[in-house]
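Colleague: sequence plus predicted model, see below.
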Amino acid sequence: MFSRSSSRLRRPVLGAIALSLAGALAVAGCSSAVDQAAASGAEVTEGGVLRIGDGADLTPASVYSGGSTAQLAITGLVHDTLVRYPADGLEVEPRLATAWEVSEDGRTVKLTLRDGVTFHDGRALTPADVEFSIRSYADPKRAGQLARTAALITEYDTSEPNAITLTLAQPVANLFDLLNIVPIVDPNTFTDFETGKGYNGTGAFRFVEWKPGASVTFEANEQYWDGAPHLDGVEIVIVPDAQTRISQLRSGQLDLIPSIAPRDADQLASDPKFTVVEQDGVERTWYIGADVTSPGLDDVRVRKAIAYAIDRDRILADVYQGHGNTNNLPWPEYSPAFDEDLNTTYTYDPAKAKELVAEVGSIPTIPISYTTGSVESEATAQIVQADLEAVGIPTTLTPLDPATNLKNLIGGTYGGLWITAHTYAQFTPITLPTSAFPFNADKNTSNFVDPAYQQAVNEAWTVVDPLGPEAAASYEQLNALILDNAFVIGLHNSEALFASTSDLHGVEWSKKAELDLSDAYLDG
Amino acid sequence: MSVVTEVTTDKDTATGSDRTSSWAALRSGRGLVGAVLVGLVVLAGLLAPILAPFAPDQQIPGAALQAPSGDHLLGTDSVGRDVLSRTLYGIRIDLLVIFLAVPAGAAIGSILGLVATRYHWLDTAMQRSFDLILAFPTIILAIALTMVIGPGVWTIATVIILAEVPVFGRLTRTAVLTVRQSPYVEAARAIGADEGWILRRHVLPNCLEPLTVQLALAMSVGVFIEGAMSFLGLGVVPPTPSLGSLIKEGTQNAYHSPFFVVGPLTVVLVLVLGLLLISQALAARSRQR
Amino acid sequence: MIRYALRRLPSALAVLAVGSVVIFALLRLVPGDPALILAGPDASPEALAALRHDLGLDGSQIGQYFSWLAGILTFDPGRSLILGGDIGSLVLDALGNTLILAVSALLVAIVLAFTLSTVSVILDRKWLNSAVTAFGTVAVAIPNFVTGAILVVLFGVVWAILPAGGVPRKGFLDDPGISVQYLLLPALCLALPIAAALTRFLTEGLRSQLAEPYVTTARALGISRRRIVLTQALPNALPATVTVLGIQIGHLLGGAVLVEAIFAWPGLGHLIERAISTRDYPVVQVMLLFSVALFVLIQLATDLINAWLDPRIRLGGRA
């Protein structure tokens, strides 16, 4: 018994010593995990795997409607679209379609398809593929933003081998927005597309593998019609925490972070090893929505008072470090609906706000909803609350998790104000009021139903040329109605920023923030 | 996430008159240190209106996330509010949690545990219900409840009560069952005392000891739960400050304002440390007897 | 022994059954459903209805409960609605990662606790006792999400010697040296509170054993303190410690949610958090049921171990 007992002492102590020795050896002796990870990113000029870090994983069921990096990589890297807008303009450029003819009355569109385009499995592109892609996008359960536009296509003529002719129920001003967004998919492998097992497209990169919760990998498509990419492959690494992403970028384990907070961006930009790029053309419009059927907000004077009460400059400066521009209307500068004067209709004028409030009398406490999980959202909400209180409008904050927020957004059940961001203002102006739910004329989150607004939207939608004078007149009308009724109160446009290692060059992007890596390369 | 340890007392044979001397544990050594620490924090929270240099929701434009300075001893947060003032006012939420929610959970749990010992079928049912509650990870319960009820102080209180009821229920039940088997209770029964009298005169006073120890422990768990919930964005609704939400903001902005988190973290540490020391002192005292 | 085990089974099953109903009901109470997530912010009510029908969410609740239950009982958990893939492989992958983390954390905690408590009780020096007590108290007081953040900033950024998060890109078995480096910080973060609680408990347990009469006898016989602690006091202090360990293991999943979030560890905690925020009903249901089942199993196991270690429990039926 005594001999056994002495070994009993040694075991835990010995074990502890052994473990610490092993640990020390692991850290000092063998290669460092940090170095290994860093080395794989800084290889050669031609080649290399670009590692992108983002928090949200791929959700196969939302590839058409989602905006996460993984979703955008599937549509942007693996698939192509028929046409493309440059990021900061609205002039249509050819992609899989090389030429197009729009009839006088705007109801027939013929698109000529590019020769020599093949899918990743070797099969050549046919007009039937294009028809299938647009039809599947139009299916309401796919929840594509421009499904309503796609639903207006009544006939597809695929009789010619290299062209497709679309017949529309009415002239549609934002048809090319649709053609810019719909990814051309392969009908034969569509069940894989829906479940995330495989993606067969015509794009610059092939889909390799999806490890749920961990990564999505792509490799270069050497047979790409626009020339093989320089990179060997792309890997999207799922890193849920923003701080971890930044520290992984700093330590060389990641090469690019597609969404980065403004403060972090400024800090990274001051280090020459990193580059922060403003994605011109990718607009995120922040606004305050008002449920016009809820107590207090049913009086347009209160809504206007709110519009005057908010210090937009302070929000932009304190929360977004000046990355963006304040506005009343969501349109970017190059948009045909942009109007410099109208954009400053509501400036920071607490005196005027107080006047309006005094006119109305007593105002009940109004709830302000916002989505949790974002430092910027929370800060903006608190500044808005303070500003409104200063002019005599009492409010309470209601933080909601994203799913509950969606429920209220789609159902119009906020019962007060809400703060959120929306994109799609960077496209043809009519896309926002027809596809974005908060701005929709027939049924929107504000429960704002107004025949004048509906008519204005309809007029703008049935215009043939979205950049012509007829369209311009209809946008003026639209803008006036949005501003006068103040059911959505614009705050500012924030810029989309991404941070990357300075070794990365040649990154471009689409209006939807899909990264275009076909010409990107990493320095040695 | 949280540490819930139960102190088993199967050797406690003191009678009711020894009850008062358990507080003597707090008058020296670890107990005293713990009591002082907790007292300091409580005082700071109660005197917040006097001690805080700014109002807790006073936003100063342009002064976001500043480092500690003469004006702002602990710096400012992302909308320009003074962190020191918010910390002091934030203590109040934790005081609410510690001195209202936890005792409420303890009381409910103890009563349930006590009642359960009366009938065997009730006992089994209650045990299994407690098991069920304990089987759900507290954090998941917190997430689900917040989504159903909405965030806020009441939700935090509900989660804490739900977390504490099974613990106190089991503790009370074990203590009661043990005391019931002791010789002096048998003797009391032999001379014809009824159950109610035995309960009041013998069982209850002797159960108080382990319960008090567990209570101090539970209070530290309560601070934890509040902190974790606020850290995940489930806790108090802004702009109300709480220690947990301040720690969350501090760690979120660690790169930009590294000293932000120091203030609230220290307060939480001192508070939890004090509560744990008190519980240890009480446990040591009960063990001595 | 077998009879004791069989006696405990029916109530364990009852907990599982009630648990499944609670899980199902709780999820339906939470506002929002997976159709909303898939629909996105611009969905028309028609899109929403189509999605709901597609996902099978528009039948009766009771019908949905029973069809889910049928799936579980035939070991077919079904497909995830939003996260993608079939739930079986999703959960297994995540489970593997969490197990690696949890087991490492437990090992670290147990080694740390045993070493600290036995050494401090054997040597019995005032400064050592104070140090160990301090560790036991402070390490429990600091929330694990804070230790995690501090560890990441210190070791992952300031002195960039350990990876700031994630798992080895080529798998754990490719290079154990690398794997240890990825494992070190998250395991430590998860282990600290457990190690602290165990240390405190074991130290107190050992000390109260040392106050027992048989120890006085042993000392009178001239047996060294070291031997008494390791061969007599330790085995007697074990049952209570095992119970505490059981409870700690039960808390691991909750701690894992936060630690996995900080270190980007793709395990169960991360999976369930994502599933809840995207209202992926099937995944959440399966995982919660799994958690309840695990808890019940661990309770059963610790009860059985205690019954084996302490014959009085087995025979006397002291609950």
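Modeller: Yep, that arrived.
Colleague: you'd agree A:S494 is in a helix?
Modeller: No - when classified by DSSP: H, G, I helix; E, B strand; the rest coil, A:S494 is found to be strand rather than part of a helix.
Colleague: what sits against it?
Modeller: Taking Cβ atoms under 8 Å, 6 or more residues apart in numbering or on different chains, we find A:S494 in contact with A:P262, A:R284, A:W286, A:Y320, A:H323, A:G324, A:E376, A:A421. For glycine as for every other residue, the C-beta is placed from the backbone atoms N, C-alpha and C.
Colleague: got CSV for those residues, with secondary structure and distance to C:D54 too?
Modeller: Rendered in CSV, the data for these read as follows (DSSP: H, G, I helix; E, B strand; the rest coil; distance: Cβ to Cβ, whole Å):
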residue, secondary structure, distance to C:D54
A:P262, helix, 39
A:R284, strand, 30
A:W286, strand, 33
A:Y320, coil, 39
A:H323, coil, 40
A:G324, strand, 38
A:E376, helix, 34
A:A421, strand, 28
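Colleague: looking at those, which is nearest chain B?
Modeller: Minimum separation from chain B among the contacts of A:S494 (Cβ to the nearest Cβ) is found for A:E376, which lies at 8.8 Å.
Colleague: let's verify A:E222: helix, strand, or coil?
Modeller: Assigned by three-state DSSP, the conformation of A:E222 is coil.
Colleague: from what I see, it and A:H230 are in contact.
Modeller: No - distance between A:E222 and A:H230: 11.6 Å, which falls outside the contact criterion (Cβ atoms under 8 Å).
Colleague: I'd assumed A:E333 was in a strand, is it?
Modeller: No - judged by three-state DSSP, A:E333 forms no part of a strand; its state is coil.
Colleague: ok, it to A:F193 distance?
Modeller: 37 Å (Cβ to Cβ, to the nearest Å).
Colleague: so how far is the longest helix along chain C off the chain centroid?
Modeller: Scanning chain C for the helix with the most residues, using DSSP state H, yields helix C:87-123. Helix C:87-123 has its C-alpha centroid displaced from the chain centroid by 9 Å (Cα atoms, centre = their mean, to the nearest Å).
Colleague: circling back to that earlier point, quick one: the contacts of A:S494 as CSV, columns for distance to A:S435 and pLDDT too.
Modeller: Conversion of those to CSV gives the following (distance: Cβ to Cβ, whole Å; pLDDT from 0 to 100):
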residue, distance to A:S435, pLDDT
A:P262, 28, 88
A:R284, 16, 86
A:W286, 19, 92
A:Y320, 26, 90
A:H323, 26, 89
A:G324, 23, 88
A:E376, 25, 87
A:A421, 16, 88
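Colleague: could the residues you listed be laid out in a markdown table, adding neighbour count?
Modeller: Rendered in a markdown table, the data for these read as follows (neighbours: other Cβ atoms under 10 Å in any protein chain shown):
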| residue | neighbour count |
| --- | --- |
| A:P262 | 20 |
| A:R284 | 20 |
| A:W286 | 25 |
| A:Y320 | 22 |
| A:H323 | 21 |
| A:G324 | 24 |
| A:E376 | 18 |
| A:A421 | 19 |
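Colleague: parallel or antiparallel, list what pairs with the helix or strand containing A:I489.
Modeller: Element membership of A:I489, judged by DSSP states H and E, is strand A:488-501. Using DSSP bridges, the neighbouring strands of strand A:488-501 in the sheet come out as strand A:256-257 (antiparallel), strand A:274-290 (antiparallel), strand A:324-326 (antiparallel).
Colleague: how deep is residue 72 tucked in, by neighbour count?
Modeller: Looking at chain A here, since you left the chain open. As a burial measure, the neighbour count of A:L72 was computed by other Cβ atoms under 10 Å in any protein chain shown and equals 21.
Colleague: wait, chain C was what I had in mind.
Modeller: 15.
Colleague: next: the one 4 residues further on.
Modeller: Around C:D76 there are 12 other residues, counting by other Cβ under 10 Å.
Colleague: and if you look at the one 10 residues further on?
Modeller: As a burial measure, the neighbour count of C:D86 was computed by other Cβ under 10 Å and equals 14.
Colleague: distance of it from chain A?
Modeller: Distance, C:D86 to chain A, by Cβ to the nearest Cβ, to the nearest Å: 9 Å.
Colleague: what is that residue paired to in the beta sheet?
Modeller: When assigned by DSSP bridges, C:D86 has beta-bridge partners C:R79.
Colleague: just the strands paired with strand A:488-501: most buried one?
Modeller: Each of these was given a mean neighbour count from mean count of other Cβ atoms under 10 Å in any protein chain shown, and the largest, a mean of 26, is that of strand A:256-257.
Colleague: list the buried residues of the following helix or strand past that one.
Modeller: Past strand A:256-257, heading to the C-terminal end, the next element that is a helix or strand (DSSP H and E) is helix A:262-269. Of the residues in helix A:262-269, those scored as buried under the neighbour-count criterion (16 or more other Cβ atoms under 10 Å in any protein chain shown) are A:P262, A:R263, A:D264, A:A265, A:D266, A:Q267, A:L268.
Colleague: again with stretch A:132-146
Modeller: In terms of neighbour count (16+ other Cβ under 10 Å), stretch A:132-146 has its buried residues at A:132-134, A:136-138, A:140-146.
Colleague: okay, and the helix or strand of chain B with the least pLDDT?
Modeller: Taking mean pLDDT, DSSP states H and E as the measure, chain B has helix B:195-198 as its least confident helix or strand, at a mean of 75.
Colleague: can you pull the buried residues of that one?
Modeller: Using 16+ other Cβ under 10 Å as the test for burial, helix B:195-198 gives B:I198.
Colleague: count the residues that sit near the residue of the stretch 101-250 of chain C found nearest chain A.
Modeller: Evaluated by Cβ to the nearest Cβ, the stretch 101-250 of chain C has C:G177 as its residue closest to chain A, separated by 3.2 Å. For C:G177, the number of neighbouring residues by other Cβ under 10 Å comes to 17.
Colleague: just want the most central residue of chain B.
Modeller: Taking Cα atoms, centre = their mean as the criterion, B:M219 is the residue nearest the geometric centre of chain B, at 1.5 Å.
Colleague: now name the helix or strand holding it.
Modeller: B:M219 is part of helix B:204-231 when elements are defined by DSSP H and E.
Colleague: B:V267 contacts B:I93, correct?
Modeller: No - using Cβ under 8 Å, B:V267 makes no contact with B:I93, being 11.7 Å away.
Colleague: need the overlap of contacts for these two.
Modeller: By Cβ under 8 Å, 6+ apart, B:V267 and B:I93 have these common neighbours: B:L243.
Colleague: contacts only, for C:H270.
Modeller: Taking Cβ under 8 Å, 6+ apart as the definition of contact, the neighbours of C:H270 are A:G213, A:P240, C:A94, C:V257, C:E260, C:A261, C:A264.
Colleague: for the residue positioned nearest the centre of chain C, helix, strand, or coil?
Modeller: When Cα atoms, centre = their mean is applied to chain C, the residue found nearest the centroid is C:L252 (2.3 Å). Judged by three-state DSSP, the three-state class of C:L252 is helix.
Colleague: what is the neighbour count of the nearest residue to it once chain neighbours are set aside?
Modeller: Counting by Cβ to Cβ, 6 or more residues apart in numbering or on different chains, the nearest residue to C:L252 once its immediate chain neighbours are dropped is C:A102, at 5.2 Å. Other residues near C:A102 come to 23 when the count uses other Cβ under 10 Å.
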